[in-house]
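*Asks:* Provided below are the primary sequence and the corresponding predicted coordinates.
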Amino acid sequence: MVEAQLTGIFPRSNELIRATRNYDKGLIGREDLLQYIRRDAEDAIRIQRENGFRCVIDGMFLWQDIFRPFTEIVEGIEAGALTRWFDNNTFFRKPVIGDLEPKTHAPGLNRYIFLDLMGDGCKKVILPGLYTFASLSSRGYSEELIYSLAEIMAVEIKDLSSRGITVFQFNEPSLVYRKPSIHEDTYESLKIAYQIVKKASSSTIILHTYFGDVVPAIPHLDDFPVDYIGVDFYATEFMELKEYSLDKGLLCGCVDSRNSYLESPEKIRELMEKIEEHISPKDIILAPNCDLEFLTKELATKKIEVLKEAVNLLGGR
Amino acid sequence: MFETYEIGSLPKPLWIVKALRKERLSEEDLRSMREWSRIVGVEEEEKEIERKIIAGEAKRKEIRDFAALFNIRYLESTGLDFVYDGEARRIEMYEYPVKYIEGIEILDWVRSFDNKYYRKGVCKEKPRLKKPYHVEEFLFVKEHARKGVKIPITGPYTLSDWSFNEYYYHPDFFDIKRSRYKAKEEFVFDLAKEIIRPNIIALVNAGAKWIQIDEPAATTHPEEVSLFVEAFNEVVKGIDCKFSVHICYSDYSLLYPYILDLKVDHYAFEYANSGNYDRTLSLFKEYGDKKEIGLGVIDVHRDEIESPELVKERLLHAYYFLEDYTVYANPDCGLRTRSLEIAYQKLKNLVKGAEMAREEI
């Protein structure tokens, strides 16, 4: 059964945008701003539910970027220089990482998620991938760092699982952006790191790659202790990927979050049929290739409707 | 050596924004307008526009003219060698030009970072220029400026990269990369030929001597850097003017070796934000790429004010590192996100630091 899910930060409404500007100018206070944020979160959840999404995210409206909460809740991580987010006209604050003490880390991510608004159904949280987090930080990738980050994530996942989250997605664009040369040993270390994460709960784990071609990485990723691998079909050539089969579920980034062009659900169905024929994943989740916040809220909503139509064409939920 | 300039945008004072919206100016707004006008030396003009604003008689053009004159004097009074109007008439570097392009429709806001946003456009038809959009502002600056003038204009690659592309783009899942590149190439070259080049020609015909083409998106897609270079060269070919290129928040190593073919006189890159001067400066040496360098010595996204000593240190470091290059001093990017006070002090320290550096060589 095919379903659809979101993969990252949802765009803000014009009302929230105005509120954040007013907040920055000191015209409204934090409590007032939070009311606008909650309203946007409620709406993002409503849009997902109304379009038949079984598993929803809260829209991530409290996340200034994918790393920012960690710069605020983890001792030893601070927000650094403004840095371009891959090949986008968006930016993030580079995490500046000093000494980490994962053993004493106390969970805090729950304060950034509107758990109370997400209802009783399946709930999903999206997190920075361990490799991406390390390699985009001031320290860069090291085995020691990804193990520390994995332990911190494990604490958060355990806490969030106890609060009802059942799906965790790790966003790993750095694994595929511009075909990085990643050593065999690094994949082995990452596997161990994701094992630490996986052991923290019985939740579903998705490792999503985007902004780059997954083909060179796919033989390694198929061995990772995760339930789904995510692929950006706007950066990966299907004709190359079809040479591989996948022993996991596939999160299929088939709607382009970086262009307003509305995809044809028929063409998505055609792609899915080819995927099933050639790659044979255990399961398929249709998704935007990345955060919908590259689009306006109106367009993001239309993209979600495209996903719903594609799911319907495929006989899904 | 160490001549100084600002990259482009300045903060828009609340009293200008309110006046344009026909909102009533508070006592605090009026106090600030008078005080700043005194500081930069436009008291007489301020009295006149204040009278008209209060009486509800001020026309939008008059308010914008005052804003432009204020910015020219603001920049001049910091001591900069080259000035413009702080982009007082532009909404921002993308939305303003797109308003003058038929075929691109403006959509709502999307986030750039934190609580900063810009409006995206979507290309729905082949782009056509309604009219050159910087000539009038340039003529105003030319008439009033007492210093050298450098005009910033957004380049074709960035305009294309920051737009959604529905007219040219028809994704094919079974040949995705080629379909995307081809769509981008057609879009960029149409913008270069039909939009930016006519603007540049109009500016040069109006007397422009130095044009800065802003291409912050140049390295966004590393596989398309050659496209940026070819489009830039298409824009400037055969035109007699000094051209600089401004690229910020980028990995400059991605520009090489393609940028060696760029028909440009001057690079204005960002260094202060990343703090890694040597990495970028080494590229110039490594590739023997000998252009004038605009050294970003002021971080425009933080309120901490760089001391003149720090500016001097950064300039001298680049000067000795590069040996016989011509080095200019400038902020990393436009200062529009800072307050008038912070931006002013940063620019004054920039000028002071450049003076101090000059004395030591």
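*Replies:* Right, received. Where do you want to start? Bear in mind the structure is a predicted one, so any value in this text is a computation, not a measurement.

*Asks:* helices of the chain, start to end?
*Replies:* Since you didn't name a chain, this refers to chain A. A:14-24, A:30-50, A:68-73, A:130-136, A:143-162, A:184-199, A:218-221, A:238-241, A:265-278, A:297-313 (DSSP state H).

*Asks:* actually, chain B is the one I wanted.
*Replies:* Under DSSP H, chain B gives helices at B:14-20, B:27-40, B:43-54, B:60-78, B:95-98, B:135-144, B:156-161, B:176-191, B:197-205, B:225-236, B:277-287, B:308-322, B:340-359.

*Asks:* closest to chain A out of those helices?
*Replies:* helix B:176-191 (5.9 Å; CB to the nearest CB). For glycine as for every other residue, the C-beta is placed from the backbone atoms N, C-alpha and C.

*Asks:* indicate which one of the helices of chain A is closest to residue B:148.
*Replies:* helix A:14-24 (34.3 Å; CB to CB).

*Asks:* can you find the helix or strand of chain A with the lowest average pLDDT?
*Replies:* strand A:77-84 (a mean of 92; mean pLDDT, DSSP states H and E).

*Asks:* what does the stretch 151-300 of chain A have sitting close to chain B?
*Replies:* Within the stretch 151-300 of chain A, the residues that sit near chain B (CB under 8 Å from any CB of the partner chain) are A:178, A:233-239, A:254, A:256, A:259-261, A:263, A:267, A:270-271, A:293-299.

*Asks:* residue A:309 against residue A:264, yeah?
*Replies:* No. In this structure, residue A:309 is not within contact of residue A:264 by CB atoms under 8 Å, at 9.2 Å.

*Asks:* these two: which is more packed in?
*Replies:* For residue A:309 and residue A:264, the more surrounded residue by other CB atoms under 10 Å in any protein chain shown is residue A:309, and the numbers stand at 18 against 13.

*Asks:* coming back round to it: buried members of the residues of the stretch 151-300 of chain A next to chain B into ChimeraX, please.
*Replies:* The ChimeraX selection below is limited to those of these classed as buried (16 or more other CB atoms under 10 Å in any protein chain shown):
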select /A:233,234,235,236,237,238,254,256,259,260,261,263,271,293,294,295,296,297,299
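
*Asks:* return the residues of the stretch 101-250 of chain B in contact with chain A.
*Replies:* So the stretch 101-250 of chain B meets chain A at B:107-115, B:117-118, B:120, B:122, B:161-162, B:164-166, B:169-171, B:173-177, B:180, B:216-217, B:220-222, B:249-250 (CB under 8 Å from any CB).

*Asks:* only whichever of those are buried, select them in ChimeraX.
*Replies:* Applying 16+ other CB under 10 Å to these, the buried members can be selected in ChimeraX as follows:
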select /B:107,108,109,110,111,112,113,114,115,117,118,120,122,161,162,164,165,166,169,171,173,176,180,216,217,220,221,249,250
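
*Asks:* excluding its backbone neighbours, what's nearest residue B:100?
*Replies:* residue B:133 (4.2 Å; CB to CB, 6 or more residues apart in numbering or on different chains).

*Asks:* ok now do that neighbour, which residues does it touch?
*Replies:* By CB atoms under 8 Å, 6 or more residues apart in numbering or on different chains, the residues touching residue B:133 are B:96-97, B:99-100, B:199.

*Asks:* same question, residue A:51
*Replies:* Per CB under 8 Å, 6+ apart, neighbours of residue A:51: A:4, A:304-305, A:307-308.
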